[in-house]
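[1] coordinates only, sequence not included:
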């Protein structure tokens, strides 16, 4: 059985380069470390940022525990999540990696946990399942309900 080869596109590489702002990296690295320590059993997800990170309180965090440093699918996932956020006019403040490069975190300008969770899971299934993506319909229904003029 032949395994699928994943490669980053030029656009995905550009998106990954854009989110690695050195000024924001420290707090995002701390966020990723927290996800690594407290939520390693969760493959990916999103949450509202509380007062533990006062500079980001009330905003959103999207994270994944899927070997960012060693798995190109995880890097594609982050790039495509950023592209999806861009299409919805949701600003990405920064990106960080946990201690061993497995866990990644995106600090974003949204407190809509439901939307952020749907986005990260939709992107993951899009990469791994293609047209058999079980999240696509649910995400598009949510976007429609919330008044977004964009389909995933």
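    Noted; the coordinates are in hand. Only a predicted model underlies this, so the values are computations on that prediction, with no experimental measurement involved.

[2] Model confidence for residue 26, exactly?
    At residue 26, the model reports a pLDDT of 84.

[3] Under a three-state scheme, what state does it occupy?
    helix (DSSP: H, G, I helix; E, B strand; the rest coil).

[4] just residue 110 next, same as before
    Per three-state DSSP, the local secondary structure of residue 110 is coil.

[5] That one touches residue 118, doesn't it?
    No. If you go by CB atoms under 8 Å, residue 110 and residue 118 don't touch, sitting 11.7 Å apart. In this view, the C-beta of every residue, glycine as well, is placed from N, C-alpha and C.

[6] Going along the chain, name the helices of this protein.
    With DSSP state H as the criterion, the chain has helices at 10-18, 25-38, 72-87, 113-129, 136-145.

[7] Contacts for the first one, please.
    When contacts are taken as CB atoms under 8 Å, 6 or more residues apart in numbering, the neighbours of helix 10-18 outside the stretch itself are 8, 75-76, 78-80, 82-83.

[8] now, among those residues, which is nearest to residue 57?
    Residue 57 lies nearest to residue 82 out of those, by CB to CB, at 22.0 Å.

[9] Run a quick neighbour tally on the closest one.
    23 (other CB atoms under 10 Å).

[10] again with residue 93
    17.

[11] check contacts around it.
    Shown in contact with residue 93 (CB under 8 Å, 6+ apart): 24, 28, 56, 59, 107-109.
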